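1. sequence and computational prediction follow.
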Amino acid sequence: MKARLLLMLAIVMSLPLAASAATAADEPSVLVKTEPLRKQTVSETLTVYGTVMPATGAAENVSLPRPVQVARLLVSPGQVVKRGEPLLELSTDATATAAYRQAESAETFAQGELKRMEDLAVQQLATHSQVAAARKALQDAQSALAAQQKLGSGLANQTVKAPFDALVVAISVQQGDRIQPGTTVMQLARAGALRALLGVEPEDAGRVRVGMPIRLASVFSSGETVNATVSQVFGAINPQTRLVDVAARLAGSTKGLLPGMQVRGFIDLGGQENWVVSRSAVLQDGRGAYLYQVSDGHAKRVAVTVGVESGGIVAVSGNLDGHLKVVVLGNYELKDGMVVREQAR
């Protein structure tokens, strides 16, 4: 009888323990993958768009000091030329040729007049002042002829050559055109001397500084990038683009970039050390961004503020525990406090 009572007492005492074990076994759990929370410096990159153009001071206009006619164009826009390479052939306009001939005739006449006055002076038939006037007239005629020669008016035809290694940026005339003195015929840019003019959103302009590195690439290509440096940040909004202009000086090889080409730029804004997690760790709902850390086998929801994202990782800040792992897979099934089972590595 006593033994039976002891047995019943043992059974009754074990019931709560069994119920507790059953409850723990029945509690839902989620299989998840985790990774350690770590700190890392994440660089922020600002993407901008713009156009390549000749560097300031690198472009030079080709013009002539006398009226001419374009006989032949020997280059085309976008062509690269070497120093001394022919650019175009010109013929001097008839009016310029006539002016040169008149200057020649005046100089010949003045020489004859001076000789005649000197002969008369020897015979005492001309005064010293008359001889001096004749000599002054000759000097004036010689100066006028020299000016015409400097203008090239005495040349029936002329071949204009490149003054330096250059890129033909633009040609503003056509074959057969008559050109007035000082009119720009074409524009050359020194080879390799290029810059990019980029547009930055007004709210980002304050973060861009002179000297910051930029990587440039054609918008139509995902290939090689060209290194450049911010050379100027403009202080007003461009009324055409509604953006703030930023000029970048190309350093070294331009790798196929040409004036007029549309480019995409990546400005390195620098970075600072932050907590970083895989992008998949961060979730979003009506309460904002959050992630789960694992504490004593249970999911712990932590609200976070998302920062810079780069290369599949994202900077986060919040009430994070650096000693707890972060759930990166399976987190969509979790709720705060839920039991988790970590995948074996």
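-> Cool, got the structure. Residues are numbered from 1 along each chain as shown.

2. can you map out the helices along this protein?
-> According to DSSP state H, the chain carries its helices in the segments 2-26, 94-122, 128-151, 202-205.

3. now do the shortest one: distance to the chain's middle.
-> Using Cα atoms, centre = their mean, to the nearest Å, the mean C-alpha position of helix 202-205 is found 17 Å from that of the whole chain.

4. pLDDT averaged over it - what is it?
-> In this model, helix 202-205 has a mean pLDDT of 90.

5. next one: the third one
-> Confidence over helix 128-151, taken as the mean pLDDT, stands at 89.

6. that one versus helix 94-122: what angle between them?
-> 160 degrees (axes from the mean of the first three to the mean of the last three Cα atoms, to 10 degrees).

7. may I see the buried residues of helix 128-151?
-> Residues of helix 128-151 classed as buried under the neighbour-count rule (16 or more other Cβ atoms under 10 Å) are 131, 134, 137, 138, 141, 144, 145, 148, 151. (Glycine included, C-beta is placed from N, CA and C.)

8. how does the protein divide up, domain by domain?
-> Structural domains annotated on the chain: 29-41+273-342, 46-55+192-271, 62-92+157-190, 94-151, as defined by automatic domain parsing.

9. and the last one, end to end?
-> Meaning domain 94-151. 14 Å (Cα to Cα, to the nearest Å).

10. repeat that for stretch 79-93.
-> Note: stretch 79-93 ends 28 Å apart using Cα to Cα.

11. avg pLDDT for that stretch?
-> On average, stretch 79-93 scores 90.

12. for the remainder of this discussion, apply numbering that starts at 6.
-> All right, first residue 6 from here; so that's stretch 84-98.

13. give me the pLDDT value at residue 297.
-> pLDDT, read off for residue 297, is 96.

14. and it, how far from residue 343?
-> Going from residue 297 to residue 343 by Cβ to Cβ, to the nearest Å gives 9 Å.

15. who has more neighbours, the two?
-> residue 297 (27 against 18; other Cβ atoms under 10 Å).

16. report the separation between the more buried one and residue 202.
-> Separation of residue 297 from residue 202 (Cβ to Cβ): 47 Å.

17. for residue 89, same thing?
-> 31 Å.

18. between these two, which one's more packed in?
-> Taking neighbours as other Cβ under 10 Å, residue 89 and residue 202 compare with residue 202 leading, 17 against 10.

19. got a list of what that one touches?
-> 55, 56, 58, 250, 251, 252, 253 (Cβ atoms under 8 Å, 6 or more residues apart in numbering).

20. by pLDDT, give me the weakest of those.
-> Among these, residue 58 has the weakest pLDDT, 83.

21. neighbours around it, how many?
-> Residue 58: 19 neighbours (other Cβ under 10 Å).

22. tell me the contacts of it?
-> Here residue 58 is in contact with 199, 200, 201, 202, 264, 265 (criterion: Cβ under 8 Å, 6+ apart).

23. make a ChimeraX selection of the buried ones in the residues you listed.
-> ChimeraX command restricting those to the buried ones, with burial defined by 16+ other Cβ under 10 Å:
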select :199,200,201,202,264
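
24. just the contacts of residue 58 now: which is nearest residue 169?
-> Minimum distance to residue 169 across those is 14.9 Å, recorded for residue 199 (Cβ to Cβ).

25. from residue 98, how far out is that closest one?
-> Residue 199 is 36 Å from residue 98, by Cβ to Cβ.

26. one step back: reformat the contacts of residue 202 as CSV; add distance to residue 330.
-> Converted to CSV, these look like this (distance: Cβ to Cβ, whole Å):
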residue, distance to residue 330
55, 44
56, 48
58, 52
250, 47
251, 42
252, 47
253, 43
